[in-house]
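In: pasted the sequence and its predicted model underneath.
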Amino acid sequence: MNETDEDDVDTTERSPRDERPSVDEQRAPARQRLDRDNERPDREDDRQDGQRDKSRWPLIILIAVVTIAIIAGVIYWRATAGLESTDDAYTEGTAISIAPQIAGNVTQLNISDNTFVRAGRLLLIIDQRQYKAAFDQARANLRLAQYQLSSAQVDLEMSRVRAPATLQQAQAQLAQAQANRVQAEREYRRQHAVNPQATTQASIDQANAALASQTAAVSSANAQLQIASLVDQTIQAAEDTVGERQAQLAQAQANLEQAQVNLSYTEIRAPADGWITQRNVEKGSFIQAGQQVFFIVTKQPWIVANFKETQLTYMRPGQKVSISVDAFPNLRLSGHVDSIQAGSGARFSAFPAQNATGNFVKIVRRVPVKIIIDDGLEGVREMPLGLSVVPTVTVR
């Protein structure tokens, strides 16, 4: 018999008492159940504590969020309590309309679109030929008027001397004619007083003729004296001629100045520094007097902000303004309130509201406020007009 057979024999030979479990083995399951029963409440407590902790987190988060929101709201309210802002604001500036004073063809054009020009720069030239001819003619007329005035002044001096001398001469000629007539009268009486046989008919006729001739000479001398006696009138006429020539000289001078001005109008120069905008002229174009050919936008812009009427309660000129520009997000400008328009935009519109007719609906009005830019434009080459900006005014 081998070992396997011996084991089988031993197994079969064991008694039932030997197969009964020991006391410790019988108590082990009870202890395990007791341990499991003791561990189960602990796990349930831990599970309940975990669930209780998880249910508290949303409340804690909600309280934290509300607290942060309240703190942020208080901070924002305190930071913006004294500020007034609007997005209804735009850049404005001086746009000088350039228009010629005379008509003509453009012979020279020295500008192009959106170029920068300095004050005094020659921009364009209008055909100068007819205006140069008019200038030369006016200058010749001025010289002629000068010569005529000089001649009139000489005549005046001569009249002041000649008129009194002519009067004296006429007076002397009258005296001589009267003396000759007296002599002729004596000879006439002598020829008619003597015996006809003592004289000849020829002598009588000669005496008659001499008397008639001297009588006529006296009449002529009287007439010359009357003419020569108008000394004051003669001098006054000469003075009037001088005055007329002076007026003609002044007129010729004015015509020359006008011709010179018209000639200067053929050259259009920049009145200020700025950019050429809205150009509608080319070389060779015929332009009329008063026709707008382009604009010059100057370098210094400002802001026109249309604030609501309810935002103007504490707004005053001189208050500081911070400005952001939509076209330049990184640009920050600073300025101040220059003035507040004395009327809303609706009041000065082309068709103002007629609130006395029909049904009335109250609308909050907007009032333009001019804001001057003080700082921030140093790095900006140009600031186009009409850009959208957002100004914020510190009112308190």
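Out: Structure received.
In: any idea how far Asn141 is from Gln258?
Out: Using CB to CB, to the nearest Å, Gln258 is found at 12 Å from Asn141. For every residue, glycine as well, the C-beta is placed using N, CA and C.
In: pick out whichever of these two has more residues nearby.
Out: Each of Gln258 and Asn141 has its neighbours counted (other CB atoms under 10 Å); Asn141 has more, 18 against 13.
In: from memory that one sits against Ala252, does it?
Out: Yes: Asn141 is within contact range of Ala252, at 4.6 Å (criterion: CB atoms under 8 Å).
In: show me the shaky parts of the stretch 251-396 of the chain.
Out: Residues of the stretch 251-396 of the chain meeting the criterion pLDDT under 70: 358.
In: return the distance of stretch 166-177 from the chain's centre.
Out: Computed by CA atoms, centre = their mean, to the nearest Å, the chain-centroid distance of stretch 166-177 equals 76 Å.
In: next, the buried residues of it.
Out: Thr166, Leu167, Ala170, Gln173, Leu174, Ala177 (16 or more other CB atoms under 10 Å).
In: among those, which are in helices?
Out: Among those, the residues falling in helices (DSSP state H) are Thr166, Leu167, Ala170, Gln173, Leu174, Ala177.
In: quick one: contacts for the first one?
Out: Right, the one you point to is Thr166. Ala228, Val231 (CB atoms under 8 Å, 6 or more residues apart in numbering).
In: nearest spatial neighbour of Ser285, skipping sequence neighbours?
Out: In this structure, Ser285 finds its nearest non-sequential neighbour in Val106, 5.1 Å apart by CB to CB, 6 or more residues apart in numbering.
In: isn't that neighbour right up against Ile287?
Out: Yes: counting by CB under 8 Å, Ile287 is a contact partner of Val106 at 6.4 Å.
In: hang on, the earlier thing: from the buried residues of stretch 166-177, which has minimum pLDDT?
Out: Least confident entry in the buried residues of stretch 166-177, by pLDDT: Leu167, with 74.
In: re the thing from before, a markdown table for the ones in helices among the buried residues of stretch 166-177, including distance to Arg279?
Out: Output for these, formatted as a markdown table (distance: CB to CB, whole Å):
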| residue | distance to Arg279 |
| --- | --- |
| Thr166 | 72 |
| Leu167 | 75 |
| Ala170 | 78 |
| Gln173 | 82 |
| Leu174 | 84 |
| Ala177 | 87 |
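In: does Glu84 sit in a helix or strand, and which one?
Out: strand 83-85 (DSSP states H and E).
In: contacting residues around whichever helix or strand comes after that strand?
Out: Proceeding N to C from strand 83-85, the next assigned helix or strand is strand 89-92, under DSSP H and E. Strand 89-92 has contacts (CB under 8 Å, 6+ apart) with 301-306, 325, 371, 383-391.
In: mind giving me the ChimeraX select for those, buried ones only?
Out: Typed into ChimeraX, the line below selects the buried ones among the contacts of strand 89-92, using 16+ other CB under 10 Å:
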select :301,302,303,304,305,306,325,371,383,385,387,389,390,391
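In: show me the residue at the heart of the protein, geometrically.
Out: Thr94 (4.5 Å; CA atoms, centre = their mean).
In: in space, what's closest to that residue - neighbours in sequence excluded?
Out: Nearest-residue entry for Thr94: Thr298, 4.3 Å, with adjacent residues in sequence omitted and distances by CB to CB, 6+ apart.
In: wait, doesn't the one you found sit right on Arg118?
Out: No: contact criterion CB under 8 Å: Thr298 and Arg118 do not qualify, at 11.8 Å.
In: quick one: which of the two has more around it?
Out: A count of neighbours by other CB under 10 Å puts Thr298 above the other of Thr298 and Arg118, at 15 against 10.
In: how much space between that one and Leu331?
Out: In terms of CB to CB, Thr298 sits 19 Å off from Leu331.
In: same deal with Ile235?
Out: For Ile235 relative to Leu331 (CB to CB), the value is 81 Å.
In: and the helices in this protein, which stretches?
Out: Going by DSSP H, the chain shows helices at 3-13, 16-19, 23-80, 129-193, 201-228, 231-264.
In: quick check: angle from the last one to helix 129-193?
Out: In this case it means helix 231-264. 170 degrees (axes from the mean of the first three to the mean of the last three CA atoms, to 10 degrees).
In: quick one: helix 231-264 to chain centroid distance?
Out: 40 Å.
In: OK, contacts around Gln148?
Out: With contacts defined as CB under 8 Å, 6+ apart, Gln148 is in contact with Arg245, Gln248, Leu249.
In: need those in a markdown table with neighbour count, distance to Leu263 and pLDDT, can you?
Out: Putting the contacts of Gln148 into a markdown table (neighbours: other CB atoms under 10 Å; distance: CB to CB, whole Å; pLDDT from 0 to 100) gives the following:
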| residue | neighbour count | distance to Leu263 | pLDDT |
| --- | --- | --- | --- |
| Arg245 | 21 | 26 | 91 |
| Gln248 | 18 | 22 | 93 |
| Leu249 | 20 | 21 | 94 |
